[in-house]
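> After the sequence you'll find the predicted model.
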Amino acid sequence: MRVKRIKNNEFVLEEGVWIRNPFCESKPLDINSLAKSESSLLLQNESDNLRRPYMQIDEAMDLSFENVVIVSDGHLWEERQLALGDLPSKQVKVLGVNGSLSKWRMVGDGATIKRTMAFYVVNNPYPECMGYLPRYHRYYPNLISSTRTFPGFLREYKNEPYMYRPTQDLDFSGAGFGDVNAVIDDYRNPVCAAISIAAKRGAKKIALMCCDESFEEGRPGSERMENGLYQYPQQIKCQKIIDKHLFWVRSAGIDVVDCSSGLKMNNARYIDAEGLRKFFERN
């Protein structure tokens, strides 16, 4: 596997995207280029968000993630999330992304199993982000957001966010936002953002749950995977980028497992939902 080094940063290539080693101590650099059509939108989002007195992520002194489950709303999410109720809340923290919050069923008077998220992580810059707001309840966990997140989501969210700035790429520096410790490699993907946040703040064990967009019946343009489920090519590309991001995480000695139904990861061991507790109990 080819490793590219630029300005004391290390990168590996996956699906045309250079994935940076997040543990490099030099100034973070993203050598990929954003589409010019997106630059104006992202700059406007950052400008709008920076007008409000949000805290930077490096100001949150209690952000420590030794044992983390990163959850999305992929295949079997409705049933798999119940396994989170078996994990000790003080030792294992849950980071939610994508639609996991809107479909969260473990808070409120009607919940048979009680569990809360430590944080919800968001970086979607488009209005579709509004669909991630709570659907079944009015539960708003602590929030970590990219400076480029759709501003309407942050205005509607009933909790003040901790903000991070995505690593600057070669052609788009953005509006700027404070200290380098608030910079996160996210590749426009909230799973990657959550992985980076956990890895840079003491993670020893990371589990991914339902971090896929798989479906059971084939659709026009979809591709069949080894497990018999289907995904679209763009979804498969996203999972390959996540997997290569995990290459650096695993190289740093962090133990990673995957409890998802998508592409088979090369840099994470697969476990089922029932195996989560044993994973975190094992020394």
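Perfect, thanks for sending it.

> ok but Gly221 is inside a helix, no?
No. Counting by DSSP: H, G, I helix; E, B strand; the rest coil, Gly221 falls outside a helix, being coil.

> Leaving out the residues flanking it, which one is nearest to Glu78?
Once flanking residues are discounted, Glu78 sits nearest to Lys103: 6.7 Å by CB to CB, 6 or more residues apart in numbering. Yep, even glycine has a C-beta here, placed from its N, CA and C like the rest.

> same thing with Leu246?
Nearest residue to Leu246, sequence neighbours excluded (CB to CB, 6+ apart): Asn267, at 3.9 Å.

> hang on, Glu217 packs against Arg224?
No. Between Glu217 and Arg224 there is no contact under CB atoms under 8 Å: 10.5 Å.

> can you pull out the helices in the chain?
With DSSP state H as the criterion, the chain has helices at 36-50, 77-80, 151-156, 190-199, 233-251, 276-281.

> now these in a markdown table, with distance to Leu95 and mean neighbour count?
As requested, the helices of the chain are exported to a markdown table (distance: least, CB to CB, whole Å; neighbours: other CB atoms under 10 Å):
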| stretch | distance to Leu95 | mean neighbour count |
| --- | --- | --- |
| helix 36-50 | 20 | 15 |
| helix 77-80 | 15 | 16 |
| helix 151-156 | 17 | 16 |
| helix 190-199 | 5 | 27 |
| helix 233-251 | 14 | 20 |
| helix 276-281 | 14 | 16 |
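
> rewinding a little: who has more neighbours out of Glu217 and Arg224?
Ranked by neighbour count (other CB atoms under 10 Å), Glu217 and Arg224 place Arg224 first, with 10 against 7.

> quick one, what contacts the closest residue to that one other than its chain neighbours?
Nearest residue to Arg224 in three dimensions, chain neighbours excluded: Tyr230, at 5.5 Å (CB to CB, 6+ apart). The neighbours of Tyr230, taking CB atoms under 8 Å, 6 or more residues apart in numbering as the test, are Ser214, Phe215, Glu216, Glu217, Gly218, Arg219, Ser222, Glu223, Arg224.

> Now restrict these to buried residues only.
Buried by 16 or more other CB atoms under 10 Å: Ser214, Phe215, Ser222, out of the contacts of Tyr230.

> Which single one of these is nearest to Ser33?
Nearest to Ser33 among these is Ser222, at 28.3 Å by CB to CB.

> OK, contacts around the closest one?
Taking CB under 8 Å, 6+ apart, we find Ser222 in contact with Phe215, Tyr230, Gln231, Tyr232.

> One more pass at 7 Å, please.
By CB atoms under 7 Å, 6 or more residues apart in numbering, the residues touching Ser222 are Tyr230, Gln231, Tyr232.

> thinking again about what came up before, so for the residue nearest to Arg224, what's the pLDDT?
pLDDT recorded at Tyr230 is 97.

> so it bridges to which residues?
With DSSP bridges as the criterion, Tyr230 is bridged to Phe215, Arg224.

> Phe280 reaches Val92, doesn't it?
Yes. At 5.3 Å, Phe280 counts as touching Val92 under the criterion of CB atoms under 7 Å.

> Now list whatever residues contact both of the two.
Asn67.

> which residues of this protein score low on pLDDT?
Along the chain, the model assigns pLDDT under 70 to residues 34-36, 60-62, 109, 170-181.

> Return the residues in contact with the residue most central in space within it.
Closest to where the C-alpha atoms of the chain average out (CA atoms, centre = their mean) is Val191, at 2.2 Å. Val191 is in contact with Ile70, Ser72, Val97, Cys211, Ile242, counting by CB under 7 Å, 6+ apart.

> Just the buried residues out of the residues you listed, in PyMOL syntax.
Selection of buried members from the contacts of Val191 for PyMOL, criterion 16+ other CB under 10 Å:
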select buried, resi 70+72+97+211+242
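
> No further questions, thank you.
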